[in-house]
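*Asks:* kindly generate the corresponding structure for this input.
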Amino acid sequence: MATHLYFQGVMMDAGSHLALAGLALLDSTSFGTLVLPVIALLAHPRAGGRVVAHLAVMAVFYWLLGVALLLGGQQALASLGGWPDWTRHPATWVAGGIALVGLSYVLDGTVALPGPWAERARRSKEWMRHALGPDAGARTVAGIALAAGLVEAASMLPYLGALGMLLGSDLPTVGRLGTLAAYCLVMVAPGLLLVAARTALGRRADGPLGRIGSWLDRRAGTEMAWVVGIIGVVLALNGAAHLMA
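*Replies:* Modelled structure (predicted):
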């Protein structure tokens, strides 16, 4: 029997995998996966090893968290008898996707850090410069990574959207967990590439790292719009493909 593009059996075709890769790359620009590594590499040219350890802990943390959420979600759906009937119609996907794409335009440029929190962020930069410095031991590095993961988990919309896609996919449990592992690797890949660049170029990497840091500051308010838009496009295309089948 052909796999249906319903919430309980979304086909994981090339487009879906590309969407997951896009969400993972958005996640890769979060505080823990890129901002803190960039600051540490700028402040301490030899912090590469500690940054790699930090990123490894974050990747494992998000994989384990995702495993728990996916398995818990599967059990919850089983106890409820599956998704509600209205979610099974592909027209629901198309309508929901179009609505999300429209919402992404509304959100674009409107999400910004409130004043008090922005001030706290500025005051915390000095701490961040030393967080993964020469005096940071293994426990400190692991603790910082876990703290960043715990603080960010609930607000990482790309990650949560990816988990929703995997939960509704037609993949077996092993396939979902393997795809989640690949997702977490993509999340930390840009940070690892920056470590490699710093190791190879030394102080010559200061300029590019500084520009990346400035870009992260500028794009902070538009992430939500991108995430909502990507999820909307995936929903609409999946629904439209089934309607035309």
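
*Asks:* give the buried residues for the helix or strand hosting Arg198.
*Replies:* Here Arg198 sits within helix 173-201, counting by DSSP states H and E. Applying a neighbour-count criterion of 16 or more other C-beta atoms under 10 Å, the buried positions in helix 173-201 are 176-177, 179-181, 183-184, 186-192, 194-195, 197-198. (Glycine included, C-beta is placed from N, CA and C.)

*Asks:* following the chain onward from it, which element is next?
*Replies:* helix 206-219.

*Asks:* correct me, but Tyr159 touches Asp27?
*Replies:* Yes: in this structure, Tyr159 sits in contact with Asp27. The criterion is C-beta atoms under 8 Å, and the distance is 5.3 Å.

*Asks:* intersection of neighbour lists for the two?
*Replies:* Taking C-beta atoms under 8 Å, 6 or more residues apart in numbering as the contact rule, the neighbours common to Tyr159 and Asp27 are Met187.

*Asks:* so which strand or helix has Glu45?
*Replies:* For residue 45 the amino acid is Pro, not Glu. Of the helices and strands defined by DSSP H and E, none includes Pro45.

*Asks:* burial measure for it, as a count.
*Replies:* Around Pro45 sit 14 other residues, with neighbours defined as other C-beta atoms under 10 Å.

*Asks:* relative to helix 206-219, how tilted is the helix holding Arg198?
*Replies:* With axes from the mean of the first three to the mean of the last three C-alpha atoms, to 10 degrees as the basis, helix 173-201 and helix 206-219 are set at 130 degrees to each other.

*Asks:* could I get the average pLDDT for helix 173-201?
*Replies:* On average, the pLDDT along helix 173-201 is 92.

*Asks:* pull out the buried residues from stretch 55-72.
*Replies:* Buried residues in stretch 55-72, counting neighbours by 16+ other C-beta under 10 Å, are found at 55, 57-63, 65-66, 69-70.

*Asks:* who touches Ala21 in this structure?
*Replies:* Each residue near Ala21 by C-beta under 8 Å, 6+ apart is listed here: Val186.

*Asks:* for Met128, report the pLDDT, please.
*Replies:* According to the per-residue confidence, Met128 scores 53 in pLDDT.

*Asks:* Ala53 now?
*Replies:* 91.

*Asks:* what about it, distance to Leu192?
*Replies:* Separation of Ala53 from Leu192 (C-beta to C-beta, to the nearest Å): 11 Å.

*Asks:* kindly report the same for Ala153.
*Replies:* For Ala153, the distance to Leu192 equals 21 Å [C-beta to C-beta].

*Asks:* do Val174 as well
*Replies:* Remark: distance between Val174 and Leu192 (C-beta to C-beta) = 26 Å.

*Asks:* please apply the same query to Ile212.
*Replies:* 14 Å.

*Asks:* contacts for the helix or strand in which Ala148 is found, please.
*Replies:* Element membership for Ala148 (DSSP H and E) is helix 138-153. Residues lying outside helix 138-153 but in contact with it, judged by C-beta under 8 Å, 6+ apart, are 30-32, 36, 50, 53-55, 57-58, 61-62, 65, 131-132, 136, 159.
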